[in-house]
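> below is the sequence, then the predicted model.
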Amino acid sequence: MYPPKIGYVIPDSVTEALEFLEKHDDAKPLAGGHSLIPMLKLRLLRPSYLVEIRRLQELKYLRKDGAQYSIGALSTHYEISKANIPLLSETASKIGDPQVRNMGTIGGSISHLDPSADYPAALIVLDAKVKVVGTKGERVVDFASFAKDMFTPDLNQGELVKEVLINDYSGYKYSYQKLERRAGDFAIVGVAVLLKVDGEEIKDARIGLTAVNTKAVRATEAENVLKDKICEKTIEVASDLAVKYANPTSDIRGTAEYKKKVTKVMTKRAILTALGKR
Amino acid sequence: MNEVKVYEKDQKVKIHFKVNGQDVEYETEPRKLLVHALRELGFTGVHIGCDTSNCGACTVIMNGKSVKSCTVLAVEADGSEILTVEGLAKDGKLHPIQEAFWEKHALQCGYCTPGMIMEAYWLLKEKPDPTEEEIREGISGNLCRCTGYQNIVEAVKLASQKLRLGQTPYQRQ
């Protein structure tokens, strides 16, 4: 399979890339390319130009300033998996396969916003923010509102994701549990759990679900139930409640009914793993 | 400020890269995939399997990291260093990973083997002494339809020993 005939642009800076993207509404930025190139091969997209941003050093960084991580858009899943960022590094290590993680980037992934992608589950529980850059300047939006709908990020023509901002949740317990049909596949359901535990009590609980809606969602009722003494019953009730937030569609990865059932199983597994009880 | 470099869809782009240590100059349309470019250049050890980033038969090392060359454009490889399976053997002597694949009979039809070996190369660079689980996770992006993976896992274990000991117990003369 070949990509369609396509123009190619090699900018020397983010500014050059943004200017070109603003003037050409059917041009597409090329980062790791691990969603874009397969889509080109399948003719799901026919952009006029690809704008190569993958090698722009300006967007390639990963640093911690005080209690906040700034993750440049071109950080690969591999780099993030090695960065010891609570929850996010674990999530990155479960994306695709090693070769995909060597090329795929966080900026590319969240600009594409596949409803089955792994990052969104973690990003919504981490209250991540997204810094977007355009020719007229930068703006910062909550990831939850940045992800408007499936394949629909809050990006205007001529804008790029510059970085993802995440607070340091070092004191929290966490787990990302992904059920996949076969190694390297997209999630049937993915559950990210972040818990603040004080002795025998859960003080803060956050549960994010991916792949069972058009975008990642927080299971707030389940979270509220969990904020209590740690016990089998509340974990069971919370896992049941998480299913209310799953509205999956039947596809090759399973029927809607099956996906709802495994949403419960994976939520429970994520909570127990986070608590070290598994 | 320089003008941004724009190539039209029928325009050829001249790229320079290193393949197995040799400088290569190549002219390509923007849409051409790296796997096709490498095969045209004679590196036919790089196989085209699924064409959909699943099977890993096209795995090569680009700037030190394993990538699926069916999901990288040739133009993206400009300025990079590529290592293919052809670059592993030195002076007529197989690389320890290749030896291990031979000794453990880690192939049947052989189609996945170059990609499997290149992924093992990257895995062992990352984790010189991997556990069996790490090996299985490490080659999860490479599909083999013949072996059932058992002998491949054994071969990667043996290769890890050979590389760590810096010696090759079985040498072909």
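Nice, I can see it. Here the structure is a predicted model, which means the values were calculated and not measured.
> quick one: the residue nearest to B:His105 when sequence neighbours are not counted and B:Phe101, what's the gap?
Closest residue to B:His105 apart from its sequence neighbours, by CB to CB, 6 or more residues apart in numbering or on different chains: B:Asn151 at 5.4 Å. Backbone N, C-alpha and C define where each C-beta goes, glycine included. Distance check for B:Asn151 against B:Phe101: by CB to CB, to the nearest Å, it reads 8 Å.
> who has more neighbours out of those two?
A direct count of neighbours by other CB atoms under 10 Å in any protein chain shown for B:Asn151 and B:Phe101 places B:Phe101 higher, at 25 against 18.
> OK, contacts around that one?
B:107, B:113, B:116-117, B:152, B:155, B:159 (CB atoms under 8 Å, 6 or more residues apart in numbering or on different chains).
> switch the cut-off to 10 Å
Contact analysis of B:Phe101 by CB atoms under 10 Å, 6 or more residues apart in numbering or on different chains lists B:94-95, B:107, B:110, B:113, B:116-117, B:120, B:151-152, B:154-156, B:158-159.
> which of those residues fall in helices?
B:113, B:116-117, B:120, B:151-152, B:154-156, B:158-159 (DSSP state H).
> now pLDDT too, for those, in a markdown table please.
Shown next, in a markdown table, are the ones in helices among the contacts of B:Phe101 (pLDDT from 0 to 100):
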| residue | pLDDT |
| --- | --- |
| B:Thr113 | 98 |
| B:Met116 | 98 |
| B:Ile117 | 98 |
| B:Ala120 | 98 |
| B:Asn151 | 98 |
| B:Ile152 | 98 |
| B:Glu154 | 98 |
| B:Ala155 | 98 |
| B:Val156 | 98 |
| B:Leu158 | 98 |
| B:Ala159 | 98 |
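> out of those, who's nearest chain A?
Of all the ones in helices among the contacts of B:Phe101, B:Ala120 has the smallest distance to chain A: 10.9 Å, by CB to the nearest CB.
> tell me who's in contact with that closest one.
B:59, B:66, B:97-98, B:100-101, B:106, B:130, B:135, B:138-139, B:142, B:152-153, B:155-156, B:159-160.
> just the buried residues of those residues.
B:59, B:66, B:97-98, B:100-101, B:106, B:130, B:135, B:138-139, B:142, B:152-153, B:155-156, B:159-160 (16 or more other CB atoms under 10 Å in any protein chain shown).
> picking up where we left off before, what touches both of B:Asn151 and B:Phe101?
Common neighbours of B:Asn151 and B:Phe101 (criterion: CB under 10 Å, 6+ apart): B:Leu107.
> which helix or which strand is home to A:Gly96?
Under DSSP states H and E, no helix or strand contains A:Gly96.
> cool, A:Leu123 as well?
Using DSSP H and E, A:Leu123 maps to helix A:119-125.
> is that helix in proximity to chain B?
No: using CB under 10 Å from any CB of the partner chain, we find that helix A:119-125 stays clear of chain B, coming within 18.0 Å at best.
> what mean pLDDT does that helix get?
For helix A:119-125, mean pLDDT rounds to 98.
> what does stretch B:93-105 give?
The average pLDDT within stretch B:93-105 is 97.
> and if you look at stretch A:197-205?
Per-region confidence: stretch A:197-205 scores 97 on mean pLDDT.
> tell me the contacts of the residue of chain B found nearest chain A?
Relative to chain A, the nearest point of chain B is B:Gly141 (2.8 Å; CB to the nearest CB). By CB under 10 Å, 6+ apart, B:Gly141 lies in contact with A:96-102, A:183-184, B:53-56, B:59, B:66, B:68, B:115, B:119.
> buried ones only from those, please, as a PyMOL command.
Those of the contacts of B:Gly141 that count as buried under 16+ other CB under 10 Å are selected in PyMOL with:
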select buried, (chain A and resi 96+97+98+99+100+101+102+184) or (chain B and resi 53+54+55+56+59+66+68+115+119)
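> filter the contacts of B:Gly141 down to the ones in strands?
Members of these lying in strands (criterion: DSSP state E): B:59, B:66, B:68.
> within reach of chain A, which of those residues are there?
B:59, B:66, B:68.
> which among these gets closest to A:Leu40?
B:Lys68 (14.7 Å; CB to CB).
> paired strands for the helix or strand harbouring A:Ile166, with orientation please.
Per DSSP H and E: A:Ile166 is located in strand A:159-167. Paired strands of strand A:159-167, with direction, are strand A:68-72 (antiparallel), strand A:129-134 (antiparallel) (DSSP bridges).
> using PDB, write out every CA atom in that strand.
Provided in PDB are the C-alpha atoms of strand A:159-167 (Å, rounded to 0.1, in the frame of the first residue of the first chain):
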ATOM      1  CA  GLU A 159      -2.600  25.700  15.400                       C
ATOM      2  CA  LEU A 160      -0.500  22.900  16.900                       C
ATOM      3  CA  VAL A 161      -0.300  21.300  20.300                       C
ATOM      4  CA  LYS A 162       2.900  22.700  21.900                       C
ATOM      5  CA  GLU A 163       3.000  20.800  25.100                       C
ATOM      6  CA  VAL A 164       1.000  18.900  27.700                       C
ATOM      7  CA  LEU A 165       1.100  20.100  31.300                       C
ATOM      8  CA  ILE A 166       0.600  17.800  34.200                       C
ATOM      9  CA  ASN A 167       0.900  18.300  38.000                       C
END
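> okay, now residue 62: neighbour count?
Let's take chain A. Look at A:Leu62: counted by other CB under 10 Å, it has 19 neighbours.
> the intended chain is chain B.
For B:Met62, using other CB under 10 Å, the count is 22.
> ok, it - contacts?
B:Met62 makes contact with A:99, A:102-103, B:17, B:34, B:68-69, B:72, B:76-77, B:80-83, according to CB under 10 Å, 6+ apart.
> nearest residue to residue 112 in space, please, no chain neighbours.
Looking at chain A here, since you left the chain open. A:Ser35 (4.6 Å).
> switch to chain B, that's the one I care about
Going by CB to CB, 6+ apart, B:Cys112 has B:Cys144 as its nearest residue, at 4.5 Å.
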